[in-house]
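*Asks:* how would this look folded up:
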Amino acid sequence: MAKKSDFEKGYLEGQLDSAESELYMLCRIKEQLGKELHEDDAIIVRIRETEDFLRKNGRDVDALDYDIVYDED
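*Replies:* This is a model prediction of the structure:
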């Protein structure tokens, strides 16, 4: 596997920072919706995808102060 260049490392860090901001905004929007959401609702799917991307690249999503709760029925 090829070693990442400084550019690639910096680019990934920027993507991860952006994903954290996106996750924050998605969670705020979800909170403001004020209704029960299901696991297949678009906002929940995007929250999960964003969390997965962050975890895959070494960010500790569980340490973030976002209260992500949804109904899995």
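
*Asks:* Can you list the helices and strands that the helix or strand hosting residue 16 packs against?
*Replies:* Per DSSP states H and E: residue 16 is located in helix 6-33. Applying 3 or more CB pairs under 8 Å, 6 or more residues apart in numbering; DSSP states H and E, we find helix 6-33 packed against helix 42-56. No exception for glycine: its C-beta is placed from N, CA and C like everyone else's.

*Asks:* tell me which strands and helices the helix it packs on is in contact with?
*Replies:* So helix 42-56, by 3+ CB pairs under 8 Å, 6+ apart, packs with helix 6-33.

*Asks:* where in this protein is pLDDT low?
*Replies:* 1, 65-73 (pLDDT under 70).

*Asks:* which residue packs closest to the most centrally placed residue in it, ignoring adjacent ones?
*Replies:* Nearest residue to the geometric centre of the chain (CA atoms, centre = their mean): residue 50, 3.0 Å. Among residues not flanking residue 50 along the chain, residue 23 sits closest, at 4.7 Å (CB to CB, 6 or more residues apart in numbering).

*Asks:* still on that earlier bit, quick check: the residue nearest to the centre of the chain vs residue 42, distance?
*Replies:* Using CB to CB, to the nearest Å, residue 50 is found at 12 Å from residue 42.
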